[in-house]
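>>> Need a 3D model of the sequence below.
(chains A and B)
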Amino acid sequence: NAGVTQTPKFQVLKTGQSMTLQCAQDMNHEYMSWYRQDPGMGLRLIHYSVGAGITDQGEVPNGYNVSRSTTEDFPLRLLSAAPSQTSVYFCASRYRGVKGTEAFFGQGTRLTVV
Amino acid sequence: DQQVKQNSPSLSVQEGRISILNCDYTNSMFDYFLWYKKYPAEGPTFLISISSIKDKNEDGRFTVFLNKSAKHLSLHIVPSQPGDSAVYFCAASTGANSKLTFGKGITLSVRP
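Numbers count the residues shown, from 1 in each chain, chains lettered A, B, ... in the order given. As a prediction, this is how the structure comes out:
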């Protein structure tokens, strides 16, 4: 049981480049989300999905796109990378419909935009 | 506007003593609260949670207390161990399908 798997673990991009951060979970969780962690800012929600085909914005969605074609996968796309997107990105998943169930996090992707 | 606040960025305690990590919230609609622990270069891991219908939940060395009237919760770790040194995030949600809102985290250092 792999849990939540994120790839890549590290990435360096040039300003203006695009890329996709991959996230996959094997727990059949309906709810998946992407967070970014910045020093002194905690974990901020970028986008989330409550099931295949359904996505919604979090508190910091600008510059990012998501899609959810399957239950297992929830990729995060950076359309045109900017230095402000330098951060550590975490994908998380949990069951939907049960109050307070904890989210399981991936190991993170450390992204540097130069 | 930050809805979940962890106002102290760091805490240092002696091994064997109690660690008390505090968290305040502003949204009275929050009905479930969770604590996550994060080691460097790893993802956060769930530690303990509490429903708004309770005022205390205990799991081994970890106890979470909720004071709804004060919109305040705290995590107690007794006794503290060096392996508890990590960043601790407080999180809250409203309802079964809602997103988690996190605080900024507090760095706990347990001195041997």
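
>>> drop to CA atoms for contacts and neighbour counts, all remaining ones
Will do.

>>> can you count the residues close to residue 36?
Here I'm looking at chain A. A:Arg36 has 21 neighbours, counted by other CA atoms under 10 Å in any protein chain shown.

>>> sorry, should have said chain B
Other residues within reach of B:Tyr36, judged by other CA under 10 Å, total 21.

>>> Same question for B:Ala70.
Neighbour count of B:Ala70, defined by other CA under 10 Å: 10.

>>> close enough to count as contact, A:Ala24 and A:Gln6?
Yes. The pair A:Ala24 / A:Gln6 is scored as a contact, 6.6 Å apart, by CA atoms under 8 Å.

>>> contacting residues around the residue nearest to B:Ile106 when sequence neighbours are not counted?
Excluding its sequence neighbours, the residue lying closest to B:Ile106 (CA to CA, 6 or more residues apart in numbering or on different chains) is B:Pro9, at 4.6 Å. Applying CA atoms under 8 Å, 6 or more residues apart in numbering or on different chains, we find B:Pro9 in contact with B:104-107.

>>> quick one: which of those is most hemmed in?
Neighbour counts for the contacts of B:Pro9 (other CA under 10 Å) peak at B:Gly105, which has 31 neighbours.

>>> Let me know the helix or strand that the closest residue to that one other than its chain neighbours is in.
Residue nearest to B:Gly105 in three dimensions, not counting chain neighbours: B:Phe89, with 4.4 Å by CA to CA, 6+ apart. Using DSSP states H and E, B:Phe89 sits within strand B:86-93.

>>> Check which helices and strands that strand is in contact with.
Applying 3 or more CA pairs under 8 Å, 6 or more residues apart in numbering or on different chains; DSSP states H and E, one finds that strand B:86-93 contacts strand B:4-5, strand B:32-38, strand B:101-102, strand B:106-111.
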